[in-house]
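> How does the following fold in three dimensions:
(one chain, ligands or ions: 1)
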Amino acid sequence: MAIKRPSKSRGGPVRKATTTVPVRHVDVLATPRMVPGETYVGWLCKNRQCGRLIAIAPPPAGAKAGGGEFDAEQAAVKCPHCGDEDLYRWSARGELVYRIPDVAG
Ligand SMILES: [Zn+2]
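Next comes the predicted model:
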């Protein structure tokens, strides 16, 4: 014998995390191109186990200078060291010295 249950709508509409904040894609320097002790403009990796400097790659030769900048607050950056991709504040970038930890692990 089946009990007839009132049909219930399950929950509300699933809210999707829509991000309307413009994100700029940033090219970073590959690890082999980074020299320890040199200063680069970029961020420190958000991955606490990494924490190394992510250096912004200079724009390619021939890229139109000026006017190409758009007002993106965030930059999608992939760490060349650990491969983690995260969002970084474009305005938070700074000149940092690239250091390699003495002991790995
Ligand atoms: Zn990293």
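
> Just give the nearest non-adjacent residue to Cys45, would you?
Nearest residue to Cys45, sequence neighbours excluded (CB to CB, 6 or more residues apart in numbering): Cys79, at 4.5 Å. (Glycine included, C-beta is placed from N, CA and C.)

> give the contact list for the one you found.
Neighbouring residues of Cys79 by CB atoms under 8 Å, 6 or more residues apart in numbering: 28, 45, 47, 50, 52, 54, 85-86.

> Can you go through the residues you listed and name the buried ones?
Buried members of the contacts of Cys79, counted by 16 or more other CB atoms under 10 Å: 28, 45, 50, 52, 54.

> Max pairwise distance over those: which two?
Val28 and Cys50 (13.0 Å; CB to CB).

> for the ion, what are the nearby residues on this structure?
Within the chain, the residues that sit near the ion (CB under 5 Å from the ion) are 45, 47, 50, 79, 81-82.

> same thing but 8 Å
45-47, 49-52, 54, 79-84 (CB under 8 Å from the ion).

> Tell me the strands beside the helix or strand where Val41 lies, with direction?
If you go by DSSP states H and E, Val41 is part of strand 39-44. Sheet pairing for strand 39-44, assigned by DSSP bridges, gives strand 53-55 (antiparallel), strand 94-97 (antiparallel).

> Enumerate the positions of the longest one that are buried.
Counting neighbours by 16+ other CB under 10 Å, one finds that the buried residues in strand 94-97 are Leu96.
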